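Enquirer: just need the structure, nothing else, for what follows:
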Amino acid sequence: MKTEKQSFKQWCEHIWYYNKWMIILGGTVAVFLIVGVIQLFTQKEGDVSFLYVGKATITVRGTNELQDTVKGLIEDYNDDGVITIDYVELTALAGETSGVAFDFDTNNAVLRRFENEVRAGDSVIYLLDQYYFERVVDMGVLANLSDILGDDVPETAIDDYGVYLKDLDIYSTPGFNQLPAKTILCIRRSPEQDQITYGRRVDVYNANRQCFIELFNYKQDK
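Expert: Numbering: from 1, shown residues only. Sure thing, here's the model as predicted:
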C-alpha cells in the first residue's frame, strides 16, 4: 500500500500534536538561556558596590536617590561610559528588637547570606547595623580607617574601623537619610591583604576606596 506523502504543514502538525509539551518546555528553556546570555554580555560592571545590612528597608525611590547621590560624588572609574552603583540590601532584626516579632529563620538566612557576601561577594563599602558590624570586625576583613583616610579620620569614629552615618554630612543627602542614624559606614580591606580574594581586583577596590573617601569628604552646604 502506497503511503501518501505528507505536506510540510501536515508534518509540522504531526510533530506538534505528539511533541507539543516538549517543544514548549524546550522553547522556554531556550528563551531563558538567551536572555541570560544577553544580560551577561550587556550588564555593566559597577563602579562601586555597597552592602547594607540592618533593620531598615529603603524604598525603591530611596535606593535610586542613594545611587544618584553617590553618582554625584564619583567619576566613571572603570571607563565604560556610565557610572553604575551596585547596592545590595539585606534586612533583618538583630539585638534589641523593641517588641518587634523576631523571625529567627529569616534572620538566620540573612546572616548566612551576609557572611557569604563578605567572604565571596563583590561589595566593598559596608553600611551595617551594630550587630553585623561587630561580626564583620571579628571576621577580620575590614580596613583600618587610618589606612584609608590618613590623618583625616574623624574624632567621632567609633573605633579603628567605622563611623556612624549620623556623624557625617553625607547622612543629610537623599537616600542615605533613609538609613538609621546609627548605621555604621566601613570598608573592607584591599584584596592584596586577603589570603583568598575570590577574584576581587585591586583596581576595583581602589575605585571603591576613592568613593569611600568622598563620602567622608562630603560637606553639606550651610
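Enquirer: please count neighbours and contacts with C-alpha atoms only from this point.
Expert: OK.
Enquirer: quick one, what contacts the residue nearest in space to the middle of the chain?
Expert: Closest residue to the average C-alpha location of the chain: V88 at 2.9 Å, with Cα atoms, centre = their mean. Residues in contact with V88 (Cα atoms under 8 Å, 6 or more residues apart in numbering) are 49-52, 123.
Enquirer: of the residues you listed, just the buried ones, PyMOL syntax please.
Expert: To isolate the buried subset of the contacts of V88 in PyMOL, counting by 16 or more other Cα atoms under 10 Å, use the following:
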select buried, resi 49+50+51+52+123
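Enquirer: which parts of stretch 59-73 are buried?
Expert: 62-71.
Enquirer: for that stretch, C-alpha coordinates in CSV please.
Expert: C-alpha atoms of stretch 59-73 as CSV (Å, rounded to 0.1, in the frame of the first residue of the first chain):
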residue,chain,number,x,y,z
THR,A,59,12.2,52.3,49.3
VAL,A,60,12.9,51.9,45.6
ARG,A,61,12.9,55.7,45.3
GLY,A,62,15.3,55.9,48.3
THR,A,63,17.7,53.4,46.7
ASN,A,64,17.7,55.4,43.5
GLU,A,65,18.3,58.6,45.4
LEU,A,66,21.2,57.0,47.3
GLN,A,67,22.7,55.8,44.0
ASP,A,68,22.2,59.3,42.4
THR,A,69,23.9,60.9,45.5
VAL,A,70,26.9,58.6,45.0
LYS,A,71,27.0,59.3,41.3
GLY,A,72,27.3,62.9,42.0
LEU,A,73,30.5,62.3,44.1
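Enquirer: report the rounded mean pLDDT for stretch 128-139.
Expert: For stretch 128-139, mean pLDDT is 92.
Enquirer: CSV for the buried residues of stretch 59-73, including pLDDT?
Expert: Converted to CSV, the buried residues of stretch 59-73 look like this (pLDDT from 0 to 100):
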residue, pLDDT
G62, 90
T63, 92
N64, 94
E65, 95
L66, 95
Q67, 95
D68, 95
T69, 96
V70, 96
K71, 95
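Enquirer: the lowest-mean-pLDDT helix or strand in the chain: what's the following helix or strand?
Expert: One helix or strand of the chain scores below all others by mean pLDDT, DSSP states H and E: helix 8-42, with a mean of 67. Of the helices and strands lying after helix 8-42 in sequence (DSSP states H and E), the nearest is strand 48-54.
Enquirer: which strands and helices lie in contact with the helix or strand just after that following strand?
Expert: For strand 48-54, the following helix or strand on the C-terminal side (DSSP H and E) is helix 60-71. Helix 60-71 is packed against strand 85-91, with contacts defined by 3 or more Cα pairs under 8 Å, 6 or more residues apart in numbering; DSSP states H and E.
Enquirer: each with direction, which strands does the strand it packs on pair with?
Expert: strand 48-54 (parallel) (DSSP bridges).
Enquirer: give me the contacts around the strand it pairs with.
Expert: For strand 48-54, the external contacting residues (Cα under 8 Å, 6+ apart) are 84-94, 114, 122-129, 132, 183, 204, 207-208, 211.
Enquirer: I'm done for today, thanks for sticking with me.
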